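Asks: Got a sequence here, can you build the structure:
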Amino acid sequence: MLAIVSLALVSCDDKKKKNTIPDGWPWPTPVASDSTDKPSTPTDPVEQTSEWTDVSSDYGTLPGYVKIMKAPSKLADKNAVAFIADVDLSQQSFSVWSINAPDLNGSDEPLLTPMQVYNAQDKPSVVINAGFFYTDSGRSYSSSLAVSEGKLLSPNINYASQDWVTMYYPTRAVFLEHADGSYEAAWTYWRDASQHWIYQEPAANSWSKSPLKAPNASTPSAGKAFEAVNGIGGGPVLLKGGEIRNTFVEELFDGPGGIMCEGSHPRTAIGITGEKHLVLFVCEGRNMTEGVPGYTTGEVALILKDYGCTDAINLDGGGSTLMLVNGTELIKPSDGKERKVASCIYIK
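Replies: Numbers count the residues shown, from 1 in each chain. From the prediction side, this is the model:
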């Protein structure tokens, strides 16, 4: 049976059934009933540059497998304040902190700021915010998958609706470390503890179409039984197998209550390069630094592809976006302070 609760699912936090605006995310323009699907990949070329600067020495002593790279002041033809934590996966993988909510029914555990996670996890070298979430009636809900050392702390949310009458069942993005040492971006769907699948293609959902049937072991494609050592969910998938995907339409991240993928905002993302380096990306936005608007998810996909990523997914953005290096904030959060979140990625 699907775990259904009467709450919206794609916003950052405090997004309830009524049309309240989540903190830090402006409300998007509703999708017209006769709208057509937008392309999943950007159609306009964006100027790129690879002039990232190693600023690791600015942030104290870091492990040899971690480099902090700062973007040029102009990136993808926009003013930028952006950073990448570049981690050599031959020496160290990523770790995940999350509230424990493995059945989509929420948790009594509190949300934490990245700084609180930093202190609770013995001051790791890097911390970034991770998956989507919301709160209701004093309980914390994760909308995104989190796996830590083989334990499922939360699956990706398994439903979506704009009117709470017509229900959709999207596959949503994940970034996974598997037991065989491989890493990938993919899509998942969770029904219950015994029915949880990984797909190499998303279900072809769209708000402008009737809902598809709920995914299973053979739909939308052959599903692999879920397995991961560490994993984090979010969306949309930005890169898969070296190709830009940006599947925000299929993952139902557009429309009212979405994450404004085609707007310029602070963004957080995770990916892997062809040389097996983990990439943790954050960019400032919303003019917290004057003239710095942020990026669309399509632009983030292009930036990460230019950096060398083959697989990558978007994570929670807006007021949640933040990176700490040795406890120092690298960007100005658009809330004016750190937002409490339901999950973080960290590098020991």
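
Asks: Give me the neighbour count for the closest residue to A146 other than its chain neighbours.
Replies: Distance criterion Cβ to Cβ, 6 or more residues apart in numbering; nearest residue to A146, sequence neighbours excluded, is S98 at 3.4 Å. The way it works is simple: take the backbone N, C-alpha and C, and place the C-beta from them, glycine included. Counted with other Cβ atoms under 10 Å, residues neighbouring S98 total 31.

Asks: Who are the contact partners of S98?
Replies: A130, G131, S142, A146, S148, L153, S154, A342, S343, C344 (Cβ atoms under 8 Å, 6 or more residues apart in numbering).

Asks: Extract the residue ranges of the protein that are flagged as low pLDDT.
Replies: Within the chain, the segments meeting pLDDT under 70 span 1-50.

Asks: Helices of that one, start to end?
Replies: Counting by DSSP state H, residue ranges of the helices within the chain are 114-120, 297-307.

Asks: returning to that earlier point: so what's the residue nearest to A146 bridging to?
Replies: S343 (DSSP bridges).

Asks: picking that back up, which one of the contacts of S98 is nearest to S56?
Replies: When these are compared for distance to S56 (Cβ to Cβ), C344 wins out at 20.6 Å.

Asks: From L322, how far off is that closest one?
Replies: As defined by Cβ to Cβ, to the nearest Å, C344 lies at a distance of 9 Å from L322.

Asks: which residues are common contacts for the two?
Replies: P114, I128, N129.

Asks: can I get the residues you listed in a markdown table with distance to E201?
Replies: Compiled in a markdown table, those are given as follows (distance: Cβ to Cβ, whole Å):
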| residue | distance to E201 |
| --- | --- |
| P114 | 33 |
| I128 | 27 |
| N129 | 27 |
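
Asks: out of those residues, which one sits closest to E338?
Replies: P114 (5.8 Å).

Asks: ok, the closest one touching V126?
Replies: No - using Cβ atoms under 8 Å, P114 is not in contact with V126, being 10.1 Å away.

Asks: Now the common contact residues for these two.
Replies: Residues within reach of P114 and of V126 at once, by Cβ under 8 Å, 6+ apart, are M323, L324.

Asks: related to what we said a few turns ago, winner for burial among the helices of the chain?
Replies: Among the helices of the chain, ranked by average contacts under mean count of other Cβ atoms under 10 Å, first place goes to helix 297-307 (a mean of 23).

Asks: roughly how far apart are T296 and V341?
Replies: Distance from T296 to V341, by Cβ to Cβ: 22 Å.

Asks: who has more neighbours, these two?
Replies: Shown here are T296 and V341; by other Cβ under 10 Å, V341 has more neighbours (31 against 22).

Asks: For that one, give me its contacts.
Replies: D13, L111, L112, T113, P114, N129, A130, F133, D316, S320.

Asks: what's the closest non-adjacent residue to it?
Replies: N129 (4.9 Å).

Asks: ditto for Q116
Replies: Of all residues not flanking Q116 in the chain, K340 sits nearest, at 7.8 Å (Cβ to Cβ, 6+ apart).

Asks: Hmm, T113 and that neighbour touching each other?
Replies: Yes - in this structure, K340 is within contact of T113 by Cβ under 8 Å, at 5.3 Å.

Asks: May I have the residues that are in contact with the nearest residue to T328 once chain neighbours are set aside?
Replies: Distances taken as Cβ to Cβ, 6+ apart place Y59 nearest to T328, at 5.8 Å, with adjacent residues excluded. Residues in contact with Y59 (Cβ under 8 Å, 6+ apart) are I68, V325, N326, T328.

Asks: Can you say which of the residues you listed are buried?
Replies: Buried members of the contacts of Y59, scored by 16 or more other Cβ atoms under 10 Å, are I68, V325, N326.

Asks: Can you flag which of the residues you listed belong to strands?
Replies: I68, V325 (DSSP state E).

Asks: ok, the buried ones among the contacts of Y59 vs N119, which is closest?
Replies: Nearest to N119 among those, with distances taken as Cβ to Cβ, is N326, at 12.2 Å.

Asks: For Y65, see how far away the closest one is.
Replies: Taken as Cβ to Cβ, the span from N326 to Y65 is 15 Å.

Asks: burial of the closest residue to N205 other than its chain neighbours, as a residue count?
Replies: Sequence neighbours aside, P170 is the residue nearest to N205 in space, at 5.1 Å (criterion: Cβ to Cβ, 6+ apart). Per other Cβ under 10 Å, the neighbour tally for P170 reads 28.
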